[in-house]
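Participant: pasting a predicted model and its sequence here:
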Amino acid sequence: MHTREEKLEQYGRLLDIMDTLREKCPWNRAQTNESLRPMTIEETYELSDAVLRKDSEDIKKELGDILLHVVFYAHIAEEEGRFDMADVASRECEKMIFRHPHIFGNGASEGLTEEEVAKNWELIKTKEKGGNRTILGGVPDSFPPVLKAYTLQDKASAVGFDWEKKEDVWEKVKEECGEYQAELDAMADKVVYTGAIDQYFNFSEGTLEYRSVRFETEVLDKPNFQGNAAVNYTDAETPWTRIIEHKWFEFGKDEEGNDLPRTVISHEFSSEWKPGDEPYYPVNDEKNGAVYEAYKKLAEK
């Protein structure tokens, strides 16, 4: 293993390399926090995968990639005059000292169990400057739903809010399912046919104007994890606006026959409807609205 001086030397070397790259490399100079974000997510998953595989060489490699990203974000902030890497490290040091009063406090106490430390950790976080105001605070909005739910439960469990028996959890699940079914039953009376409703009623109230959809597909020869939010425009003024983006991954082959990860992106657009097309979206204007309301009344009978 290396000495402390050798560790600091290599860290300083990394800072010097980042300075050079931001000055002389067009790609590195063009990066922003927003462009780095999807790559940081990708690197985090790669580290997680290496940890699960217990692959020390890959863990070392992926830790280096994430460290580079930390330095990168800090360098961008330094260029903008907001903070630098020293501020990042100092903030983390102060946070760790504040959150471990049993180690660094005046009344440092020994003999705390792991569970007691974890419980204190969440409580202390609500007291620190700029920290979470509640026990359940600090969970990123961008978390995937399942991970978000798991993290919230983990935080609640750390301060004693948990189920004593797994059977109690299942009873709560059944209770929530019952409430959900009741909501669905209540909504059933309000559901109307939303396909080609004029055709369904033999055009008795008139003909609706619709929008159809068209698709365009592109292939990126690399993984791409950044998605776009769906936007649905159905009014006559914006007939060609993209409404949704679908992504999936597959493996192609490079020139040497090696597997090449690719991202396939399908862009879905609304388009002008013509007879024979699928009538996906009724146009949202006054004339169409009046016809649609007439059909809606028929559907509610």
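Facilitator: Looks like it came in fine.
Participant: now the stretch 151-300 of the chain, which segments are flagged as low pLDDT?
Facilitator: Along the stretch 151-300 of the chain, segments meeting pLDDT under 70 span 151-164, 166, 184-195, 213-215, 220-255, 258-271, 275-276, 278-281.
Participant: show me where the stretch 1-150 of the chain dips below the pLDDT cut-off.
Facilitator: 107-110, 122, 125-150.
Participant: got the contact list for stretch 80-96?
Facilitator: By C-beta atoms under 8 Å, 6 or more residues apart in numbering, the residues outside stretch 80-96 that reach it are Leu15, Val70, Val71, Ala74, His75, Ala77, Glu78, Glu128. C-betas here are computed from N, CA, C, even on glycine.
Participant: so where does the fifth one fall, helix or strand?
Facilitator: Element membership for His75 (DSSP states H and E) is helix 56-79.
Participant: what's the first helix or strand after that helix?
Facilitator: Next element after helix 56-79 (DSSP H and E): helix 85-99.
Participant: so which bits of that next one are buried?
Facilitator: For helix 85-99, burial by neighbour count (16 or more other C-beta atoms under 10 Å) applies to Met85, Val88, Lys95, Phe98, Arg99.
Participant: now those residues in TSV, please, with extra columns for distance to Ala182.
Facilitator: Converted to TSV, these look like this (distance: C-beta to C-beta, whole Å):
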residue	distance to Ala182
Met85	55
Val88	50
Lys95	45
Phe98	47
Arg99	44
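Participant: of those, closest to Cys25?
Facilitator: Met85 (18.9 Å; C-beta to C-beta).
Participant: would you mind measuring from that closest one to His75?
Facilitator: Noted for Met85: a distance of 7 Å to His75, by C-beta to C-beta, to the nearest Å.
Participant: now the common contact residues for these two.
Facilitator: Between them, Met85 and His75 share no contacting residue, judged by C-beta under 8 Å, 6+ apart.
Participant: which stretches of this structure form helices?
Facilitator: 4-24, 26-30, 33-53, 56-79, 85-99, 101-104, 114-125, 145-158, 166-188, 197-200, 286-300 (DSSP state H).
Participant: who are the packing partners of the fourth one?
Facilitator: By that I understand helix 56-79. Judged by 3 or more C-beta pairs under 8 Å, 6 or more residues apart in numbering; DSSP states H and E, the packing partners of helix 56-79 are helix 4-24, helix 33-53, helix 85-99.
Participant: quick one: contacts for Asp65?
Facilitator: Glu43, Glu46, Leu47.
Participant: make it 6 Å
Facilitator: By C-beta atoms under 6 Å, 6 or more residues apart in numbering, Asp65 lies in contact with Glu43.
Participant: dump the helices of the chain to a markdown table, plus distance to Gly206.
Facilitator: Listed next are the helices of the chain as a markdown table, based on distance: least, C-beta to C-beta, whole Å:
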| stretch | distance to Gly206 |
| --- | --- |
| helix 4-24 | 63 |
| helix 26-30 | 54 |
| helix 33-53 | 47 |
| helix 56-79 | 58 |
| helix 85-99 | 64 |
| helix 101-104 | 73 |
| helix 114-125 | 61 |
| helix 145-158 | 42 |
| helix 166-188 | 27 |
| helix 197-200 | 7 |
| helix 286-300 | 5 |
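Participant: who wins for proximity to Glu216 among those?
Facilitator: Nearest of these (C-beta to C-beta): helix 33-53, 21.2 Å.
Participant: and the closest one, C-alpha only, in PDB?
Facilitator: Once non-C-alpha atoms are left out, helix 33-53 reads as follows in PDB (Å, rounded to 0.1, in the frame of the first residue of the first chain):
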ATOM      1  CA  ASN A  33     -22.900  19.700 -15.200                       C
ATOM      2  CA  GLU A  34     -25.900  18.700 -17.300                       C
ATOM      3  CA  SER A  35     -23.900  16.800 -19.900                       C
ATOM      4  CA  LEU A  36     -21.900  15.000 -17.200                       C
ATOM      5  CA  ARG A  37     -24.900  13.900 -15.300                       C
ATOM      6  CA  PRO A  38     -26.000  10.900 -17.400                       C
ATOM      7  CA  MET A  39     -22.400   9.700 -17.600                       C
ATOM      8  CA  THR A  40     -22.100   9.900 -13.800                       C
ATOM      9  CA  ILE A  41     -25.200   7.800 -13.400                       C
ATOM     10  CA  GLU A  42     -23.700   5.300 -15.900                       C
ATOM     11  CA  GLU A  43     -20.400   5.200 -14.000                       C
ATOM     12  CA  THR A  44     -22.200   4.700 -10.700                       C
ATOM     13  CA  TYR A  45     -24.000   1.600 -12.100                       C
ATOM     14  CA  GLU A  46     -20.700   0.300 -13.400                       C
ATOM     15  CA  LEU A  47     -19.200   0.600  -9.900                       C
ATOM     16  CA  SER A  48     -22.200  -1.100  -8.400                       C
ATOM     17  CA  ASP A  49     -21.900  -4.000 -10.900                       C
ATOM     18  CA  ALA A  50     -18.200  -4.400 -10.100                       C
ATOM     19  CA  VAL A  51     -18.900  -4.400  -6.300                       C
ATOM     20  CA  LEU A  52     -21.500  -7.100  -6.800                       C
ATOM     21  CA  ARG A  53     -19.000  -9.200  -8.800                       C
END
